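> Provided below are the primary sequence and the corresponding predicted coordinates.
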Amino acid sequence: MEKVSFEDSGKLLRILDSVEDSPLAAWINVSGTVPKSTITPEAAFENIHKKYKQLLQEFPTLRLKIVTIDGKHYFKYAEDNEIQINNLIKIVEGITPLQDGLSEWFEIDKAPLWRLELSETENEKTKIRLKICHGIIDGRGAFDVLDLFYYLALNKPFTERLNSFRNQPAIYEFGKACWYTKEITSQGFKEPEINFKALPAELNPPITRPSHVVHPQWEVDYAPISTFCRKHGVTAQAIVMAIQNEALRAYHKGKYDQIPLILFCPVDNRKYPYATELFKKALFYYHVGNLYVMVNKKDDILENILHCSEEFKKYYPTMDPCISGYSAAIMTDETGKMIHQFTKPMDPCKTNYTFASHLGLVGENMDNLNFSNQIAVYDTFYFFNFYGFHNKNTFYFSMNAPYNCPKEFFQIFKDTSMKFYDFIVHNVSEQ
């Protein structure tokens, strides 16, 4: 197999900024299937191989690795021997299950920050599975990268969306000054006001060490949810938020019913008017903005969803997501020295703060979608993540939490989501 090489292989680039540095311990896993009659794993590999060097040319972030110098992380182009296709793309022998496990943690200084697996699954399907470091991509973006490989595997032209990401630089100026307009960058560092509004609460179940993350996932038909959203003028993000709003309160059996929950909702800063043209074309980025939406207890399901929708809409148009994304990037200077810090950072294990994210329409041409985030568990500190995502036919719910959270915790979330889904099905059936 011919060797792929680049003149700048091994070139040291820049130091990671603070927000890129923070999620290096997490690896995202996404996958989907197509009928084996459409493409076999072997044929998919050959199709990708034909355009592999072009892929690395047009998406140079796929050649980046991270090295540590004096205790600080730097981007560096991988060496030629590290980017050869057989190092990064594998055909897995035998029959693999439809349900993925979590991604393993790969050594970030040994090769680029992604791996691809092609395999045959049960029911005569071909699976395309991507594992990618959270330090260069968000959850929604991981599915975009999976789409790149899907279209290459099936020898199909990229969509207009994927084409818009071609030929962008692998990295940007330190501090992301070129990602936002002066309306954002002129404000400098700002700590989110919500940090000072957090209330004492222990939403996350306490765990013991050692621990590791699991990711139960379940699915429903998407059509009723789509109809419901159009009928009531809401989004699936509001539904995910409302489920979280009820499930956490139910788990704690009324202990926190009188306080608002702060739902950390990531949003795509590229869609804001404060994004530069360069940023709008960026595929690889971790600088998602943060909305900290405060929601109160609502006993009625529809009222809960509408409440979450209205609160999300209230926060969304503000500059806050871009300010938070930019501020998180400039907490260190170009030498890695900490120059800003949060005076009262929110702790999901001690405050009324949790995470709810709808990743959107993803993997629309694939079935049996999987998503998980291999987050680290630090002693008894961890983030609990609740996700929703869908293709054209199926809506998926996914949780990331330590395996030794009480079984009741996982069951309440699944039961609550199915309770909401049953309500949605009944609601849209009414004339």
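That came in fine, so what should we check first?

> could you verify that K65 is part of a strand?
Yes. Counting by DSSP: H, G, I helix; E, B strand; the rest coil, K65 is part of a strand.

> for it, which non-adjacent residue is closest in space?
Spatial nearest neighbour of K65, chain neighbours left out: A78 (4.6 Å); criterion: CB to CB, 6 or more residues apart in numbering. No exception for glycine: its C-beta is placed from N, CA and C like everyone else's.

> what do you get for Q99?
With sequence-adjacent residues excluded and distances taken as CB to CB, 6+ apart, Q99 is closest to N370, at 6.8 Å.

> I'd say the one you found and P97 touch.
No. Here N370 does not reach P97: they are 10.0 Å apart, not a contact under CB atoms under 8 Å.

> those two: who's more crowded?
More crowded of N370 and P97, by other CB atoms under 10 Å: N370, with 22 against 11.

> and that one, how close does it get to A282?
The gap separating N370 from A282 is 25 Å, by CB to CB, to the nearest Å.

> mind listing the helices for the protein?
Using DSSP state H, the helices of the chain run over residues 18-21, 41-50, 52-58, 85-88, 139-153, 160-164, 182-185, 223-232, 236-251, 277-280, 301-315, 320-329, 407-429.

> what comes up buried for the first one?
By neighbour count with 16 or more other CB atoms under 10 Å, helix 18-21 contains the buried residues 18-21.

> now do stretch 31-43: distance from first to last residue.
Taking CA to CA, to the nearest Å, stretch 31-43 runs 18 Å from one end to the other.

> mind listing what's buried in it?
Buried residues in stretch 31-43 (16+ other CB under 10 Å): 31-34, 36, 39, 41, 43.

> tell me the centre residue of the chain?
Nearest to the geometric centre of the chain sits G139, at 1.7 Å (CA atoms, centre = their mean).

> hmm, back to that, which among the helices of the chain is found nearest to E7?
helix 52-58 (11.4 Å; CB to CB).

> return the set of buried residues in that closest one.
By 16+ other CB under 10 Å, the buried positions in helix 52-58 come out as 52-53, 55-56, 58.

> and it, what other elements does it pack with?
Helices and strands touching helix 52-58, by 3 or more CB pairs under 8 Å, 6 or more residues apart in numbering; DSSP states H and E: there are none.

> could you list the low-pLDDT ranges of the stretch 301-431 of the chain?
431 (pLDDT under 70).

> now do the nearest residue in space to H358 that is not next to it in sequence, the pLDDT please.
Closest residue to H358 apart from its sequence neighbours, by CB to CB, 6+ apart: Q237 at 4.0 Å. Listed pLDDT for Q237 reads 98.

> any idea how many residues pack against Q237?
By other CB under 10 Å, the residues close to Q237 number 24.

> from L146, how far out is it?
Following CB to CB, the distance that separates Q237 from L146 is 21 Å.

> please report how far Y251 lies from T208.
Per CB to CB, Y251 is found 18 Å from T208.

> between the two, which one's more packed in?
When neighbours are counted by other CB under 10 Å, Y251 and T208 differ, and Y251 comes out ahead with 20 against 9.

> contact partners for the more buried one?
205, 408-409, 412 (CB atoms under 8 Å, 6 or more residues apart in numbering).

> do N47 as well
Each residue near N47 by CB under 8 Å, 6+ apart is listed here: 39, 152-155.

> buried ones from these, can you make that a ChimeraX selection?
The command below creates a ChimeraX selection of those among the contacts of N47 that count as buried (16+ other CB under 10 Å):
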select :39,152,153,154
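
> state the pair within the contacts of N47 that is farthest apart.
For these, the maximum inter-member distance is 10.8 Å, found between I39 and L152 (CB to CB).

> nearest to K337 among the buried residues of stretch 31-43?
Using CB to CB, the buried residues of stretch 31-43 come closest to K337 at S31, 39.5 Å.

> look up which residues are beta-bridged to the closest one.
R129, N370 (DSSP bridges).

> I figured it hits F149, correct?
No. Applying CB under 8 Å, one finds S31 not in contact with F149, separated by 10.3 Å.

> what is the rounded mean pLDDT of stretch 47-55?
97.

> quick one: end-to-end distance for that stretch.
Distance between the boundary residues of stretch 47-55 (CA to CA) amounts to 12 Å.

> likewise for stretch 154-172?
Distance between the two ends of stretch 154-172: 32 Å, counting by CA to CA.

> one more: stretch 171-189?
Taking CA to CA, stretch 171-189 runs 21 Å from one end to the other.

> give me the residues contacting it.
For stretch 171-189, using CB under 8 Å, 6+ apart, the contacting residues are 13-15, 17, 61, 64, 75, 269, 273-276, 278-279, 282, 285, 287, 319, 322-323, 325-327, 329-331, 333-334, 339-340.

> no further queries at this time; thank you.
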